[in-house]
Each structure stands twice: as C-alpha cells, then as structure tokens.
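> Structure here, sequence nowhere to be found:
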Ligand SMILES: CC(C)(COP(=O)(O)OP(=O)(O)OC[C@H]1O[C@@H](n2cnc3c(N)ncnc32)[C@H](O)[C@@H]1OP(=O)(O)O)[C@@H](O)C(=O)NCCC(=O)NCCS
C-alpha cells in the first residue's frame, strides 16, 4: 500500500487533473472549482497524497453552513435558533485506485476534528453532509453513524467537547 501523507491544505500547483474517484460530479468539482473556492475562502479543501509520487489520493471539503431546525432530532430542537449554525462536509472522495484501504475513514475523522476545533472559535452545532445516494449514506453510517428518519436529505453529527471522539455519532436524515 502506498505511503500516504497527512492531510494538508490544497495548493494551486496540486495536479487535480489526474484525480479520479469514479464519480464524475466530484472529479469535475475538484478540477474546476476546488482551488478557486479554497482561495476565495468559500470552502476549504484538504488533500492526502502518495508520499512518493505526490499524486492526490483523496480530498475533503469543509465550509460554513446552516441547517433548518426541523432537520434536528426532536429532542435537539428546543431553545435553538432557526436555522442552526453548522459546518458542511461538502465533498469527500478517494481516488478509485486507493479505495477500500481506510483513507476515507481517516479523512472523515480529520474533518470532524477540524470542525470541532473551529467550533470553539465560531459557533457550530455540528457537521452536516448531503449523501449523494444510498451507497454514500451507507458509507457514512458504516463510519460510526446510525441512520434515522426517512427520505432524501442531510446527515448531521452533533459536536461534543469530549475527546478522543469529538462528535456524537447520531446522524439525522432529513425528513
Ligand atoms: C465513498 C468513498 C469516499 C469511500 O472511500 P474508501 O476509502 O473506499 O472508504 P474506507 O476504505 O475508508 O472505508 C471506511 C468504511 O466504510 C465502508 N464503506 C466504504 N464504502 C462504502 C459504501 N459504498 N457503502 C457502505 N460502506 C462503505 C468500508 O467497508 C469501511 O468499513 P469497515 O472499516 O468497517 O470495513 C469512496 O468510495 C469514494 O470516493 N467514492 C466516490 C466519491 C463519493 O461518492 N463520495 C461520497 C461523499 S461526497
């Protein structure tokens, strides 16, 4: 298995053109928009790379967001503003030649820790994501989240101040 670097911020000179996670929409976004959004502060992308070749193995993107209070579990809705400040995990993808080796799980943990750190300075109730399909929803659930609710929508992990697992593993699929 290739030695993989620790996550680091995307740079302009990274070769995004060779990245292929097998999902065209995520390849396209990464190639066309990841750097511009990163540079403009709209979203922040971190990458992991092959330590020998510098090839990008995976990326994850975080940005500020809001979630409608109604998407939270009933027990969490009281005494909250509407919408509720949150952090969006917008994209998470691994090159197809490197999938199934635990890289996505590692990047997800990195992103959750980064979101928790940021939430100590700028309030964020938790991390939300928008699973593209049932397979992606299954991936997030497999990575320590329990599904709930019906239909299309979001998943959310509520932030928690307890280490080493900073985020509650409860997830919400919006009604
Ligand atoms: C989904 C994706 C990120 C998973 O990457 P990966 O590196 O293969 O995942 P990992 O090896 O870290 O797997 C972590 C766990 O999730 C499970 N898993 C991975 N893909 C899964 C899937 N499609 N459905 C259910 N579980 C899945 C693995 O079995 C593993 O569980 P285990 O440790 O208990 O065996 C990757 O397939 C990918 O990049 N897909 C294309 C882009 C995409 O759809 N991204 C979705 C988020 S926007």
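Ah, there it is. This one's a predicted model, so the numbers in the text were calculated from it and none came from an experiment.
> Report the secondary structure state of residue 57.
Using DSSP: H, G, I helix; E, B strand; the rest coil as the criterion, the local structure at residue 57 reads strand.
> nearest residue to the residue nearest in space to the middle of the chain other than its sequence neighbours?
Per Cα atoms, centre = their mean, the C-alpha nearest to the average position across the chain is that of residue 89, at 3.2 Å. For residue 89, ignoring the flanking residues on the chain, the nearest one in space by Cβ to Cβ, 6 or more residues apart in numbering is residue 129 at 4.3 Å. Backbone N, C-alpha and C define where each C-beta goes, glycine included.
> how about the strands in this structure?
Secondary structure of the chain (DSSP state E): strands at 8-9, 44-49, 56-67, 84-94, 126-129, 155-158.
> nearest to the ligand, of those?
Relative to the ligand, the nearest member of those by Cβ to the nearest ligand atom is strand 84-94, separated by 3.9 Å.
> mean confidence for the closest one?
Averaged across strand 84-94, the pLDDT comes to 95.
> contacting residues around that strand?
19, 21, 23, 26-27, 29-30, 43, 45, 57-69, 72, 103-104, 107-108, 111, 115, 118-119, 123-130, 156 (Cβ atoms under 8 Å, 6 or more residues apart in numbering).
> and it with the ligand, contact?
Yes. For strand 84-94, a contact with the ligand is found by Cβ under 6 Å from any ligand atom, at 91, 92, 93, 94.
> Stretch 39-52 too?
No. On the criterion Cβ under 6 Å from any ligand atom, stretch 39-52 is out of touch with the ligand, staying 10.2 Å away.
> Go through that stretch and flag the buried ones.
43, 44, 45, 46, 47, 48, 49, 50 (16 or more other Cβ atoms under 10 Å).
> Give me the neighbour count for residue 8.
If you count neighbours by other Cβ atoms under 10 Å, residue 8 ends up with 11.
> again with residue 104
That count, for residue 104 with other Cβ under 10 Å as the rule, works out to 21.
> Quick check: beta-bridge partners of the closest residue to it other than its chain neighbours?
Distances taken as Cβ to Cβ, 6+ apart put residue 94 closest to residue 104, at 5.1 Å, once the chain neighbours are dropped. Residue 94 has these beta-bridge partners by DSSP bridges: residue 58.
> and residue 94, how far is that from residue 44?
From residue 94 across to residue 44, the span is 18 Å (Cβ to Cβ, to the nearest Å).
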